[in-house]
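Undergrad: Just a sequence and a predicted model for now, questions to come.
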Amino acid sequence: MQLPDEPAVLSLMSAHRSTNGKFRNPWPHASPHGLREILKWARDRRRSRRPDPPASSFVRVVPAFAIRAKEDEIVVTWIGHSSFLLQIGSVNVLLDPIWSMRASPVSFAGPRRHTAPGVEFDSLPPIDLVLLSHDHYDHLDVATVRRIVARHPLAEWITPLGVGSWLRKRGATVFAELDWWQSVRTHDLDVTCTPAQHFSGRRPDNRDSTLWCGWTIRAGDRAVFFAGDTGRHPEFGAITRQLGPFDAAFLPIGAYDPRWFMQPVHMAPDEAVSAYVDVADCNAGRKCRFIAMHWGTFKLTDEPLDEPPALTHVEWEKAGLDPEMLWVMKHGETRSV
């Protein structure tokens, strides 16, 4: 593993660990809210929740991926939410896959899928690698894990620290559990775990006992940055300087309302565009696509499901950015980078 050389980056390599053995966000004003604020939000949202568009308003298209992409190609297919099929260096990678109807520990309650997965599970090509950003139910789904293990038993899984034991109990082959800034090489890909501003936990009693992260995936000269589930933190530029340049940055744009509650853990569209500018400014002159994610699939917060892309387009235009670099994909859409 090659360690980063920026002093500010080096200082983060232990700052996200608490003395009690859990993890934390090392930046000021980045701590998620507690039970009192959760109850306040639950009370307020009954009065302020805005209606969503019908599911039919979300266009779903037929995917157009091949069994393998060419060696020098990057091909991206949006499954929905933060789930993608990424084909890079002739390797098939799943990012934060979820095919279940609910992002929940139970099948009868919890956030329900508003839009069907853009890719039928049985139509997936052979999966070589699965990357997970953290253990929340809309990113780590037990039914989906079991389906992947059964259908793609040779797939390797790479996770942030602490998530591997849960996966091994479900039969997954965990290739590596990584801390921020750690890297591994597999299938001729260099995969690096990057900082994110979020939290973790699948039960009230294990909050922040596992790490959360983003990922960079490099195949030779081609590379992408998957930011994970994150609030606006100051390390997007450092990630790009250390691990770029990138051909694409997958950035979350949804689940941000109300801001007083969600800002520490989820970016709003203006913050996502600002984060992209940090990436683009440090990208050694290479054009980088902004691939929008974490929207239009599960109703997690108060904004309408179709609001995030509309606001992202507004912020993009205000920033004077190249419209061809903003990719707000349809469910099932395949694009080549």
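TA: Right, received. Where do you want to start?
Undergrad: then the host helix or strand of Trp41 to CSV, C-alphas only?
TA: Applying DSSP states H and E as the criterion places Trp41 in helix 35-48. The C-alpha coordinates for helix 35-48 follow below in CSV (Å, rounded to 0.1, in the frame of the first residue of the first chain):
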residue,chain,number,x,y,z
LEU,A,35,-32.4,10.3,19.2
ARG,A,36,-33.9,13.7,20.2
GLU,A,37,-33.4,15.1,16.7
ILE,A,38,-34.7,12.0,15.1
LEU,A,39,-37.9,12.2,17.1
LYS,A,40,-38.2,15.9,16.2
TRP,A,41,-37.8,15.1,12.5
ALA,A,42,-40.4,12.3,12.7
ARG,A,43,-42.9,14.7,14.3
ASP,A,44,-42.2,17.6,11.9
ARG,A,45,-42.3,15.5,8.7
ARG,A,46,-45.9,14.5,9.3
ARG,A,47,-46.7,18.2,8.7
SER,A,48,-44.2,19.1,6.0
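Undergrad: quick one: contacts of the helix or strand following that helix?
TA: Where DSSP H and E defines the elements, the next helix or strand beyond helix 35-48 is strand 74-80. Contact partners of strand 74-80, identified using C-beta atoms under 8 Å, 6 or more residues apart in numbering, comprise 63-66, 69, 84-88, 97-99, 113, 115-119, 219, 222, 224, 247-248, 291, 293, 296-297, 329-337. Just so you know, the C-beta spots here come from the backbone N, C-alpha and C atoms, and that holds for glycine as well.
Undergrad: Apply the buried test to those and list what passes.
TA: By neighbour count, with 16 or more other C-beta atoms under 10 Å, the contacts of strand 74-80 hold 63, 65, 69, 84-88, 97-99, 113, 115-119, 219, 222, 224, 247-248, 291, 293, 296-297, 329, 331-335, 337 as buried.
Undergrad: The helix holding Trp41: how far from the chain's middle?
TA: 26 Å (C-alpha atoms, centre = their mean, to the nearest Å).
Undergrad: Who are the packing partners of that helix?
TA: Other helices and strands packing on helix 35-48, by 3 or more C-beta pairs under 8 Å, 6 or more residues apart in numbering; DSSP states H and E, are helix 259-262.
Undergrad: Narrow the buried ones among the contacts of strand 74-80 to those in strands?
TA: Mapping those onto strands (DSSP state E) picks out 84-88, 219, 222, 224, 248, 291, 293, 334-335.
Undergrad: so who does the residue nearest the centre of the chain touch?
TA: With distances taken as C-alpha atoms, centre = their mean, Gly228 lies nearest the centre of the chain, 2.9 Å away. Neighbouring residues of Gly228 by C-beta under 8 Å, 6+ apart: Ser82, Asp96, Ser133, His134, Thr194, Ala196, His198, Trp212, Cys213, Gly214, Trp215, Pro252.
Undergrad: Find the nearest non-adjacent residue to it, please.
TA: Among residues not flanking Gly228 along the chain, Ser133 sits closest, at 3.4 Å (C-beta to C-beta, 6 or more residues apart in numbering).
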